[in-house]
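**Q** Could you work out the structure for the sequence below:
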Amino acid sequence: MERVIIAGVDRSARSRVAADWAAREALRRGLPLRVVHVAPPENLDPVEQWPYRPDTVADHVVAELTARHPSLTVRAVSLTGAPAPEMRAASAHAELVVLGLRGEGQHTRMPLGSTAAALAAGCAGPLVLVPGTLAGLDVPGHTDAVTVGVDARDPAGGALGFAFEAARLHRVRLHAVHAWALPGGATESPFPMAEKDRAALEDHEEDLLSDALRPWRGKYPDVGVREDVLLFPPAEALAHASETSGLVVVGRHTAPGSTPLALLKHARCPVAVVQS
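**A** Numbering: from 1, shown residues only. You can find the predicted model right below:
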């Protein structure tokens, strides 16, 4: 992948929050930033060009970022076409892609925009989607700056590697969350499971999580890890964790599952979706 971070922007304030997150991440990683805006091919009416023409959107965002971060290496890129495929093509070789959860003109009740959803399901590299209200890993009250969702039975190496590296770069603790469920027979039974049996199952899940994390702990000995085994559906467990995290990392399998998209609809912090 090209050593560059790409921020996709439009004329919304939400995308500027995401662009600022991308700028600070580029500075931390010592990488250049490309601010990309995709405009529709049709000629727009004057009203639709307010407050400035689509072909100048990226330049406006670059000017704002340069004023805020003087040492940032950044360049504007303006493209024409459909946003999702153009962004996917532009970011094919980038190290990291950053977008807002929703774009301009989309209803405020819609938690996830169409471009964000399309890239979450099919971006080649790591994708970070930023809510419009939170923009950093240093949000007050967020005690775990990086949280990673782990399927202890089938751990996603891409997501774990990205999460450990993010925790190392930011010099923070990593919160590893493994969500599990009781066996089908236990949930269907009219009688509650004995406490000792449930405790034995939970101990087994904790052992699975420790085994999944062991090689990564060895690779990143300086990263502190808090292991957490939760009896919740994965998206619910990670949405809850996002309330005290600055970044949640999830893996995306080749056949996208429901967890990343379900999480994105309720996330309270930036979410990184990483190819497994």
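**Q** Make sure Val4 is indeed in a strand.
**A** Yes. Assignment of Val4 by DSSP: H, G, I helix; E, B strand; the rest coil places it within a strand.
**Q** Do I have it right that it meets Glu95?
**A** Yes. Counting by Cβ atoms under 8 Å, Glu95 is a contact partner of Val4 at 6.3 Å. Any C-beta I mention is one placed from the backbone N, CA and C, and that applies to glycine too.
**Q** Between those two, which contacts overlap?
**A** Any residue near both Val4 and Glu95 by Cβ atoms under 8 Å, 6 or more residues apart in numbering counts here, and that gives Leu31.
**Q** separation between Ala240 and Leu230?
**A** Just to correct that, residue 240 is His rather than Ala. According to Cβ to Cβ, to the nearest Å, His240 stands 8 Å off from Leu230.
**Q** Over to Ala67?
**A** Ala67 is 43 Å from Leu230, by Cβ to Cβ.
**Q** And these two? Which one has more around it.
**A** For Ala67 versus Leu230, the count of surrounding residues by other Cβ atoms under 10 Å is larger for Leu230: 17 against 9.
**Q** Against Ala241, how distant is that one?
**A** 8 Å.
**Q** Now list whatever residues contact both of the two.
**A** The contact lists of Leu230 and Ala241 share Val177, where a contact means Cβ under 8 Å, 6+ apart.
**Q** What's the first helix or strand after the longest helix along the chain?
**A** The single longest helix within the chain, with elements called by DSSP state H, is helix 195-219. As assigned by DSSP states H and E, the chain's next helix or strand after helix 195-219 is strand 225-230.
**Q** Ala176: neighbour count?
**A** So Ala176, with other Cβ under 10 Å, has 27 neighbours.
**Q** cool, and Arg198?
**A** 14.
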